[in-house]
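Visitor: Make a model of this:
(chains A and B)
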Amino acid sequence: MASERQKNIRNFCIIAHIDHGKSTLADRLLEKTGVLTAREMEEQVLDNMDIERERGITIKSQPVRMIYKACDGQEYIYNLIDTPGHVDFNYEVSRSIAACEGAILVVDAAQGIEAQTLANVYLALEHNLEIMPVINKIDLPSAQPDHVKKEIEDVIGLFAGDAPMVSAKNGINIEQVLESIVSKIPCPEGEEDAPLRALIFDSYYDSYKGVIVYIRIMEGSVKVGDSIKMMYTGKEFVVTETGYFRPGTLLPHDGLISGDVGYIAASIKNVRDTRVGDTVTLSGNSAKEPLPGYKKVNSMVFCGIYPADGAKYGDLRDALEKLQLNDAALTFEPESSIALGFGFRCGFLGLLHMEIMQERLEREYNLDLVTTAPSVIYRITATDGQVLNIDNPSNLPPVAEIDKMEEPVVKATIMTPIEYVGNIMELSQERRGVYKDMSYIDEGRAILTYEMPLNEIIYDFFDALKSRTKGYASLDYELLGYKESDLVKLDIVLNNEIVDALSFIVHREKAYSRGRRMAEKLKESIHRQQFEIPIQACIGGKIIARETVKAYRKDVLAKCYGGDITRKKKLLEKQKEGKKRMRQVGSVEVPQEAFMSVLKLDT
Amino acid sequence: MHSEIEGIGLYIHVPFCKSKCRYCDFNSFSGRDQLIPAYFNAVAKELVQYGDKLRGLRVDTVFIGGGTPSFVDPAYIYELMELCVKTFEICRNAEITIEANPGTLSVEKLTLYRQAGINRLSMGLQAYQKNLLGLMGRIHTAEDFISNFKDARKAGFENINADLIFGLPGQTLKDWEETIEGALRWEPEHLSCYSLKIEDGTVFGQMLDRGELCPADDEQDREMYYLAIKRLGQAGLRHYEISNFARPGYECRHNIKYWRTCRYIGVGPGAHSYFDGKRYGNICDIENYIKCIDNGQNTAENIEHIYKKDEISEFVILGLRLTQGIDISEFRQRFGREIFDIYGMQIKELTEKGLLECMGSRLALSSKGLDLANSVFVELIR
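Guide: Reported below is the predicted structural model:
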């Protein structure tokens, strides 16, 4: 039974596909409830990071508390938990969802439901959330609200007849959304006097207060001075501050009670001690059981990250340490490469997570990076029975010592307009996908399900999917497990020396074409030098592809008179500067771009 | 010879042309002939300014370049030279060159040049074949060159250069051989053979971007270069700089100043000067140049300080363009340091790679080094 206090609380999240208007709608709700005035509003307040704004995605969850005065005359507390919207952050999404009683499903009136949306809707339904559909962008000329409503009913089995028809961008019908929340989304329940059980759904590191832990109190209460315990990690702390969320800032308030969404600070030094999904309880009066659903997230994608300038190794380490303070899913350990020198092997939740981290390192920490091709974790059974997890192709044991190799396989769900089904089937087949199922959402769209090796997905699959479907298809995937596979290590040999940073693990059938493309691509990016440079792709000792960069014959300026000297000197300086950006592999100068160019062979 | 004892070089730029060649990225223009009178007026003023600033200056080389100096009325050139003689101390044996294009010359013009004191003529022949001359946008034929060359001899020019270009799109080795032989038949004292470089911003550059030009590959280019070195050598023209060949004693003394980092002053838009440890680059636009001069403003748009370390690297980089290379003892005399203390490691590596050669007290590019001079210079720039 809900208490009187709880009856006036609504905890909800918003589910939407990228670009369908989630953040814009959130901004409008803030504006209408007076949390922010229109003038204070900066577009998409909840997406804090530059990258989030540019890419139109949410990486960190951004909860915010609003007070809404409803038509029934009562004031309601609305806790909106804006969640990450990408498959890489699925677990974080699931915890945010678990912190809510309801979800607003925003669907673009012109585009309809997308794979990612559907995946999150199912996630929300699994957690018994009440789903409240909202049709957005109804003022677009291409809007088909009735069609979209029918789609919601057909695909999700959700009544959408009374769904608010809004334009978040132009502020149309926002009142109706706010009013519907009262009636459509259930209030929280949970004993206020029971031992504390609070779900951690995110956290970040603040240099003054320590880790700020985002929690939803499921049962009991917590206040400043309480000794708390993380039920999975076992770590204990004393609460120094509790409070609510304001956009971009915190509002201290002593004491959080069952049903509340808020934060606690307890001089916690490391986000690793406050794992998303863990349960906070009191040290003295502990709950018997933690909340269900805790899972330690593991990195799925790995790559080597090296400073372009070897002297910046220390800076790169400092930057990674700082990023890790806020991101428990980022892992890194030192590694070295003959070609690239000293760097780090970094682990990520997925490709997007990897790209974002690389971008943040370059932008926020001003680092120039060279990254190696992404890899997954391969499971190797050695002939002596030992099982090895390999995330760096260079660490693969010799073939003679390998009994069995396994690779991670995912279930990939692709939603697409039907005219691209053929293209997608072709692409999936190329990427060793095993067809599982196809169903139709409506007469225009289909859902394809494939079982596919993860290493094919991390290898520019998403880009290829977008380019072959004009950007219309959407992808979602989840890990199924490991499967035995005929894998080989492909080495690139440059002027008779293996370039370790370019080695990768690939299925035997694809090794030839991949090796050939890679050799061709390298030939394009390695400039002519004073000697002929053979580029070979090899499996074991066997050469499967070969290209040659011819020696240059001429590198001379024919004219250099009085008026030319300044200009020609600048050219030489530029040439020298270019040389500095080269990596010396044996006697061959390899431009940094060469290491990157082989990451995308399809484009 | 030490640069302080040596006289200074004087360059005078004449930026006018009858038509602009398709490969040309020089500061030259066609169709702006109405500026010519005001232009020479301005040049005269700049010359006088230099005369005041660098009083008692001994000038031992003059180079009137372009553009096409032979395109303008020879009276301008005559007056210009008259003014030079009045303004500077011009050595009796000074080398005084004018650039000319076939088709813009006559015996009368050439005779007037001689009367003005000009004793060296540099002609742009470029190629012997009609199709190649047409491709380059040249407005003369090989016949024009021949008749002008004869005119020049008649007028008394005993020191004549011809400029040739190789590595042109569509040029065959046979074409190049024909051009070399054609030029040699008239026994010029000097030949410049330039490997074509297609520059951005030229018509050739645009054609290349549009895929309308198929440039010669490195292999063809070098074959032509080697042919020139061989044939001109046989004909008694010594290879003395990357692109230059001369009968002994006829090397261009003015240009050698650039390669030996001697002092020079340049007059006219886009012209460069080098003295007092600075290199000055004049403003490039003709009209702005004239305006600057008329308003008494400084025409130098770029002033580059050449500090000792720059001077050292320029001495080496420019000096190595000469086939005889640089003199190690001259380096010591001029900079008070041993070249090996500064460049020891680079010289060792470049010698091992077969790009540099040490011969007695001289350090020079090897024949491979001549092909890959930039890769050598890149190591020596500081």
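Visitor: Give me every residue in the stretch 1-150 of chain B lying close to chain A.
Guide: Counting by Cβ under 8 Å from any Cβ of the partner chain, the stretch 1-150 of chain B comes close to chain A at B:Gly9, B:Tyr11, B:Asn27. (Each C-beta comes from the backbone N, C-alpha and C, glycine too.)
Visitor: out of the residues you listed, who's nearest A:Ser3?
Guide: B:Asn27 (86.1 Å; Cβ to Cβ).
Visitor: one step back: for the residues of the stretch 1-150 of chain B next to chain A, give me CSV that also has secondary structure and neighbour count.
Guide: As requested, the residues of the stretch 1-150 of chain B next to chain A are exported to CSV (DSSP: H, G, I helix; E, B strand; the rest coil; neighbours: other Cβ atoms under 10 Å in any protein chain shown):
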residue, secondary structure, neighbour count
B:Gly9, strand, 26
B:Tyr11, strand, 25
B:Asn27, coil, 19
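Visitor: Out of those residues, which one has the weakest pLDDT?
Guide: Across the residues of the stretch 1-150 of chain B next to chain A, the bottom pLDDT score, 90, is held by B:Asn27.
Visitor: what's the burial count for the nearest residue to it once chain neighbours are set aside?
Guide: Using Cβ to Cβ, 6 or more residues apart in numbering or on different chains and skipping the chain neighbours, the partner closest in space to B:Asn27 is B:Gly270 (3.5 Å). By other Cβ atoms under 10 Å in any protein chain shown, the residues close to B:Gly270 number 20.
Visitor: Per-residue pLDDT of B:Gly270, please?
Guide: If you check B:Gly270, the pLDDT there is 95.
Visitor: Give me the buried positions along stretch A:451-464.
Guide: A:451-462, A:464 (16 or more other Cβ atoms under 10 Å in any protein chain shown).
Visitor: The residue nearest to B:Asn27 contacts B:Asn282, doesn't it?
Guide: Yes: B:Gly270 is within contact range of B:Asn282, at 5.8 Å (criterion: Cβ atoms under 8 Å).
Visitor: separation between A:Asp384 and B:Lys230?
Guide: To B:Lys230, A:Asp384 is 68 Å away according to Cβ to Cβ, to the nearest Å.
Visitor: tell me which element the residue nearest to B:Asn27 falls in.
Guide: Under the criterion DSSP states H and E, no helix or strand holds B:Gly270.
Visitor: Make sure B:Asn374 is actually in contact with A:Leu572.
Guide: Yes: at 6.6 Å, B:Asn374 and A:Leu572 qualify as touching, with contact defined as Cβ under 8 Å.
Visitor: So which bits of chain A are right by chain B?
Guide: For chain A, the residues in contact with chain B (Cβ under 8 Å from any Cβ) are A:530, A:552-563, A:565-566, A:569, A:572-573, A:575-576, A:579.
Visitor: which among those residues end up buried?
Guide: A:530, A:552-558, A:560-563, A:565-566, A:569, A:572.
Visitor: Looking at these, which are in helices?
Guide: Of these, the ones assigned to helices by DSSP state H are A:Ile565, A:Thr566, A:Lys569, A:Leu572.
Visitor: Relative to A:Ile305, which of those residues is nearest.
Guide: Of those, the one sitting nearest to A:Ile305 (Cβ to Cβ) turns out to be A:Leu572, at 32.2 Å.
Visitor: thought the closest one was touching B:Ile317?
Guide: Yes: in this structure, A:Leu572 is within contact of B:Ile317 by Cβ under 8 Å, at 7.5 Å.
Visitor: so what's in contact with these two at the same time?
Guide: B:Phe377, B:Ile381 (Cβ atoms under 8 Å, 6 or more residues apart in numbering or on different chains).
Visitor: residue contacts, whichever residue of the stretch 1-150 of chain B sits closest to chain A?
Guide: Distances between the stretch 1-150 of chain B and chain A by Cβ to the nearest Cβ are smallest at B:Tyr11, namely 5.9 Å. Shown in contact with B:Tyr11 (Cβ under 8 Å, 6+ apart): A:Gly562, B:Val62, B:Phe63, B:Gly65, B:His254, B:Tyr264, B:Ile265, B:Gly266, B:Val267, B:Gly268, B:Ala271, B:His272.
Visitor: Can you name the helix or strand that the fifth one falls in?
Guide: This points to B:His254. Counting by DSSP H and E, the element that carries B:His254 is helix B:253-259.
Visitor: The next helix or strand after that helix packs against which elements?
Guide: Per DSSP H and E, the first helix or strand lying C-terminal to helix B:253-259 is strand B:264-267. For strand B:264-267, the packing partners by 3 or more Cβ pairs under 8 Å, 6 or more residues apart in numbering or on different chains; DSSP states H and E come out as strand B:8-14, helix B:36-53, helix B:253-259, strand B:272-275, strand B:278-282.
Visitor: gap between strand B:264-267 and the chain center?
Guide: Chain-centre distance of strand B:264-267: 13 Å, with Cα atoms, centre = their mean, to the nearest Å.
Visitor: tell me, which strand in chain B spans the most residues?
Guide: Counting by DSSP state E, the longest strand found in chain B is strand B:89-100.
Visitor: Give me the contacts around the helix or strand containing B:Leu227.
Guide: B:Leu227 belongs to helix B:218-234 when assigned by DSSP H and E. Residues external to helix B:218-234 that are found in contact with it (Cβ under 8 Å, 6+ apart): A:552-554, B:164, B:166-167, B:171, B:173, B:176-177, B:180-181, B:184, B:191, B:193, B:195, B:216, B:239, B:245, B:371.
Visitor: Those residues, buried ones only, as a PyMOL selection?
Guide: Only the buried entries of those go into this PyMOL selection, using 16+ other Cβ under 10 Å:
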select buried, (chain A and resi 552+553+554) or (chain B and resi 164+166+167+171+176+180+184+191+193+195+216+239+245+371)
